[in-house]
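Q: Provided below are the primary sequence and the corresponding predicted coordinates.
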Amino acid sequence: MEIFHHNYSTASLELSIAVPGFSSSPSSGESCGGAMKELDINQVPSPIEEEECMEEEEEDNDSPNNNGIGAASAPRKKLRLTKEQSRLLEQTFLQNHTLNPKEKDALAAELKLKARQVEVWFQNRRARSKMKQTEMECEYLKRWFATLIEQNRRLQKEVEELRAMKVAPPHCRQPLPHTMCPCCDRVITTTTTLLEKGPASGASAATTTSTISSAPITRPY
DNA sequence: TTTTTCGGGCAATTTACATCA
DNA sequence: CGTGATGTAAATTGCCCGAAA
């Protein structure tokens, strides 16, 4: 079920059914900075600039018993990206959601990181992006559901009114408000028609038909 | 044409760290 | 100030798929 496969470079949202009950927590991941201090614990505790510390750390990463990816035996220490590294990664991600090996190596060299670390960052970034998109779709479907509930309530009310009137003349028939189809972004025009089946069955003869117009409507996000 | 190998992507998970009550 | 709960993001694991040999 890989709905989003290889579509990260497109700006449009592919509508898929999000998992219901997906509680969205305020994610600071998209900003890649958030409220967290940019305090790099991999750096030596000194008032040196971040970049200088990262260079020092990079030297560590190249040593056999380092803290980087693939380090053996030694308890793994977590890399903390500097603001500048995060900024450049984010900027690159916005241009392209995947990197080919050349681009990856070049970016890694520029950031003084390992190619694997750049690769992992992009994987996690894609995952965060997808999660955010799923949350947005979930919110959209919730709103869509609410409009359907409301429309259903109106229709029920109208049915009751029609039943009370028995049969309404054609000029009394009013077009109902339309809603949007979540699948194709088109307006669903709902009209109510009375089937004249005779005096006895008139009370239960109201049917509703829906047609989808060709006018696309933009999503609420 | 079929099989094998390899590289890359993804989902799920773990882990390290920061923050807050 | 120390501590546990919680959130975030880096990193790991294992699986799948497509391309090349």
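A: Now that the structure is in, tell me what you want to look at. Residues are numbered from 1 along each chain as shown, chains lettered A, B, ... in the order given.
Q: Could you use CA atoms for every contact and neighbour count after this?
A: Fine.
Q: Stretch A:88-99 near DNA strand B at all?
A: Yes. Judged by Cα under 7 Å from any atom of the strand, stretch A:88-99 and DNA strand B are in contact via A:Thr98, A:Leu99.
Q: So A:Glu110 belongs to a helix, correct?
A: Yes. According to DSSP: H, G, I helix; E, B strand; the rest coil, A:Glu110 belongs to a helix.
Q: measure it to DNA strand C for me?
A: Remark: distance between A:Glu110 and DNA strand C (Cα to the nearest atom of the strand, to the nearest Å) = 15 Å.
Q: again, but for A:Trp121
A: A:Trp121 is 5 Å from DNA strand C, where distance means Cα to the nearest atom of the strand.
Q: and what of A:Arg153?
A: Look at A:Arg153 and DNA strand C: by Cα to the nearest atom of the strand, they are 36 Å apart.
Q: repeat for A:Gln95
A: 18 Å.
Q: can you check A:Gln85 too?
A: 9 Å.
Q: do the same with A:Leu99
A: Distance, A:Leu99 to DNA strand C, by Cα to the nearest atom of the strand: 16 Å.
Q: swap in A:Tyr140?
A: From A:Tyr140 over to DNA strand C the distance is 21 Å, taken as Cα to the nearest atom of the strand.
Q: same deal with A:Trp144?
A: 26 Å.
Q: Can you give me the neighbour number for that residue?
A: For A:Trp144, the neighbour count with other Cα atoms under 10 Å is 17.
Q: A:Ile149 too?
A: Using other Cα under 10 Å, A:Ile149 has 12 other residues around it.
Q: Surely it is in a helix?
A: Yes. Assigned with three-state DSSP, A:Ile149 falls within a helix.
Q: what domains does the record give for chain A?
A: Listed by automatic domain parsing, the domain ranges of chain A are A:38-129, A:139-216.
Q: lowest-confidence stretch among those?
A: Lowest mean pLDDT within the domains of chain A: domain A:139-216, a mean of 66.
Q: A:Arg80 belongs to a strand?
A: No. Counting by three-state DSSP, A:Arg80 is not found in a strand; it is coil.
Q: For it, give me the backbone phi and psi.
A: Phi and psi for A:Arg80, reported as degrees, to the nearest 10, are phi -110, psi 120.
Q: And for A:Leu81?
A: Here A:Leu81 shows phi and psi, under degrees, to the nearest 10, equal to phi -70, psi 140.
Q: how much space between it and A:Val118?
A: Distance of A:Leu81 to A:Val118, computed by Cα to Cα, to the nearest Å: 11 Å.
Q: ditto for A:Met136
A: Here A:Met136 is placed at a distance of 27 Å from A:Val118 (Cα to Cα).
Q: ok, now A:Phe93?
A: Here the criterion is Cα to Cα. By it, A:Phe93 lies 11 Å from A:Val118.
Q: Which one's more surrounded, A:Met136 and A:Val118?
A: Using other Cα under 10 Å, the more surrounded residue of A:Met136 and A:Val118 is A:Val118, with 20 against 17.
Q: ok, now which ones touch that one?
A: For A:Val118, the contacting residues are A:Lys104, A:Leu107, A:Ala108, by Cα atoms under 8 Å, 6 or more residues apart in numbering.
Q: now A:His97, what's its secondary structure?
A: Taking three-state DSSP, the label given to A:His97 is coil.
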